[in-house]
Structures are given as C-alpha cells and as structure tokens.
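Enquirer: Predicted model and sequence follow; I will ask about them next.
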Amino acid sequence: MSTTDFGFEKVPEEDKVRRVAQVFDSVATRYDLMNDLMSFGLHRLWKRFAVDVSGVHEGERVLDLAGGTGDVAALLVGRVGGAGSVVVADINRSMLGVGRERLDGRGLVGNVTYAQANAERLPFAEGSFDCVTMAFGLRNVTHKEAALAETLRVLRPGGRLLVLEFSHVTVSALRPLYDLYSLHGLPLMGRLVAGDADSYRYLAESIRMHPDQETLKGMMEAAGFVHCDYLNHTGGIVAVHRGWKP
C-alpha cells in the first residue's frame, strides 16, 4: 500500500484525501477569519502580489485551482474584464460553496464559473486556459507531479502556471520565531477561535513537508514547464513559482 505525508504522519494515500477533505470541511466557514488572524492580514498582500506578477490581462481565460473562498479569483476577475473569464475550481465542496457565496455577494458574476475538481484529474480540455493560478493548495495534493502535469495539459502553448505557496524561510534569524509561532501558536489559535486545533496543526505541519523553492522549481521543470522561476516574499515564508508551457 502506497503511503504519503499528512503533516508529520505517514498515511495511506487514499486516507490523506479523506483527511484533507475533513480538514477543509471543518475550517471552511472560518477560513478567511483564521487567515487574517494567523497571517496578521499578510495573506491578502501575498495574494495581491501573486496576481500582480501573474501577467493576467484583459480577455484571458484563467483557472484558479484550489480556489477556496475566492480571494484570488476576486482579484483575477478585475484583470480579465468582461471579455475574459475565471473558473474557480476546488476539490472541496464546502470551500467552493463559501467562495461562490462570497463572490456572488460582491456582485462578481457573469464571467466567473465554478467547478468541483481534483487537481490531479482536471475536467478541462487540453489548451483551455491562458493562465492557471494555485494559491496555498499544492501542498495538500497527494500526487503533486500529477497536478503539475495536469496544469500543463490544460494550458495553451505560451500559457503560464503560477503557484503561491508557503515555502522555506530564507532569513536565518526569522526561522526560530516562525517555527515557534506556526507549530505551536497556530494550533492554539485554531482551538481558541475555530474550536479545531488538529486541522491547524496539520496545516502548519504540511508547510514543513512541502518542497523548498529549488525543489519545486525542479518539479515544474520535470513536468515540462520552461523559464521557471520563483519570487520569495516575507523572507521566504511564501514564494511565488512561475512556469510557462512551451
């Protein structure tokens, strides 16, 4: 039986899918509040930075994969305009529902559609999109190589993938404080605010198990992307990886 990481645990692959689903079912309604509290609001800056360097412009068709509660999609909608479109896709129905409710409530309709989709098996034709974005979702995917291959498949030639994800801190003085806060502070905050320490313990541990900047860049290149690069933000706490389809 094949195993994979679920935080610091080793679990059967099919068990990870189920347990990740449970995590996001649990946190969906408080996800944005907890993101604001845990990152001191920085997650909004990180997402805006990612969209700013995405190169998305009017008339493009964009897939926001692991689109969650719609923060990134809301930024993308303004860039693609009425001539473009954004597809918000997420494997988790609870997260997708919260995202749709939020975007509908802001009047962001018409050029936004929604799809419940597994990043490893996307239900879209080859060459469907000009850009694929994925913010804070790749580390939860069981087979990351399969997800990268799928994003390459659904991009048109010359299209690009943009991955915003927690990464490895590059400022040595920041590491002990970041470790203390993320591994101990986040579960405590999850228990006090969301009544769920275990989900936030997993989310903190999953950051440690995610490939570092150079490793993820190499994985993108191995999947077939070219001109791959990454941009660190906040001392490497997060990084934006970019790659283009030849």
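Expert: Received, thanks.
Enquirer: Please report the residue range of the longest helix in the protein.
Expert: Longest helix of the chain, by residue count under DSSP state H: helix 13-27.
Enquirer: Give me the buried positions along it.
Expert: 15-17, 19-21, 23-24, 26-27 (16 or more other CB atoms under 10 Å). Heads up, the C-betas are built off the backbone N, CA and C, glycines and all.
Enquirer: do stretch 61-77 as well
Expert: 61-77.
Enquirer: out of those, which are inside strands?
Expert: Per DSSP state E, strands hold the following members of the buried residues of stretch 61-77: 61-65.
Enquirer: Most widely separated two among those?
Expert: Pairwise distances across these peak at 13.3 Å for Arg61 and Leu65 (criterion: CB to CB).
Enquirer: Which helix or strand lies directly C-terminal to the lengthiest strand in the chain?
Expert: Using DSSP E, we find that the single longest strand of the chain is strand 155-166. Moving toward the C-terminus from strand 155-166, the next helix or strand (DSSP states H and E) is helix 175-180.
Enquirer: List the buried residues for that following helix?
Expert: For helix 175-180, the neighbour count (16+ other CB under 10 Å) marks Tyr178 as buried.
Enquirer: can you map out the strands along this protein?
Expert: Under DSSP E, the chain gives strands at 3-6, 9-12, 61-65, 85-90, 112-116, 129-135, 155-166, 226-233, 238-244.
Enquirer: Just send those back as JSON lines, with mean pLDDT and distance to Ala50 too.
Expert: Below are these laid out as JSON lines (pLDDT from 0 to 100; distance: least, CB to CB, whole Å):
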{"stretch": "strand 3-6", "mean pLDDT": "84", "distance to Ala50": "24"}
{"stretch": "strand 9-12", "mean pLDDT": "84", "distance to Ala50": "29"}
{"stretch": "strand 61-65", "mean pLDDT": "98", "distance to Ala50": "11"}
{"stretch": "strand 85-90", "mean pLDDT": "96", "distance to Ala50": "14"}
{"stretch": "strand 112-116", "mean pLDDT": "95", "distance to Ala50": "18"}
{"stretch": "strand 129-135", "mean pLDDT": "98", "distance to Ala50": "6"}
{"stretch": "strand 155-166", "mean pLDDT": "98", "distance to Ala50": "4"}
{"stretch": "strand 226-233", "mean pLDDT": "98", "distance to Ala50": "9"}
{"stretch": "strand 238-244", "mean pLDDT": "98", "distance to Ala50": "5"}
